[in-house]
Structure formats: structure tokens, C-alpha cells
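Peer 1: here is my input, please return the structure:
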Amino acid sequence: MYQKKKYRYCGLSSSSFDGGDRETISIMESNIAYLNVELVAVAEREKKREEREKRERRRLRQQRSDGSDQECDENDKSDKESEGDEE
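Peer 2: Predicted structure coming up:
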């Protein structure tokens, strides 16, 4: 189940940033980790989509070549039949 996480603004507070605000840094690290996971998921989905498209193109090419082979075979048969009629 997808859970939407709530994130706080990770900007600088009005107080000085001497040594860093550990809570802000922790939140930023969590956001980075979450986005890295999401990035990997998007890359995997994109790879699967490309593979599906590649298989589909290959299937369509195969169908076209099978269809043209059948047409050539049918043309050859009709040519042979017409040659036999001429004799």
C-alpha cells in the first residue's frame, strides 16, 4: 500500500545555521533517501516499458514479414497456375 509521507520545509530557519540543525539535516537525508528509491523505481518502470515496446515492434515486424511471405507464396502459386493454363 502506498503511503504518502508528509515532509516539512527543509529551509534555513531564522536562527543561525552554525554547525547545522540536526533535525533539518535528518529530514533532508530522509527526503534524499526517499527520492533515490523513487528514482530507481521510475528507472525500472521505464526499462520495462521500453522492453514492452521493443517486443511489440519485433512482433509487428514479424507479422509483416510473415504476411509478405504468404503474399509471395500466393503470387507464386497463381503465376504457376496461369503458366499451366497457357500451355
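Peer 1: rest of the way, CA atoms for contacts and neighbours
Peer 2: Noted.
Peer 1: what sits against residue 33?
Peer 2: In this structure, residue 33 makes contact with no residue, judged by Cα atoms under 8 Å, 6 or more residues apart in numbering.
Peer 1: quickly note the distance from it to residue 40.
Peer 2: Separation of residue 33 from residue 40 (Cα to Cα, to the nearest Å): 11 Å.
Peer 1: any idea which helix or strand carries residue 34?
Peer 2: Using DSSP states H and E, residue 34 sits in helix 22-86.
Peer 1: which residues touch residue 30?
Peer 2: Under the contact definition (Cα under 8 Å, 6+ apart), no residues are listed for residue 30.
Peer 1: tell me the spacing between it and residue 37.
Peer 2: Counting by Cα to Cα, the gap from residue 30 to residue 37 is 11 Å.
Peer 1: just residue 29 next, same as before
Peer 2: Where residue 37 is concerned, residue 29 sits at a distance of 12 Å (Cα to Cα).
Peer 1: what's the answer for residue 24, then?
Peer 2: In this structure, residue 24 and residue 37 are 20 Å apart, going by Cα to Cα.
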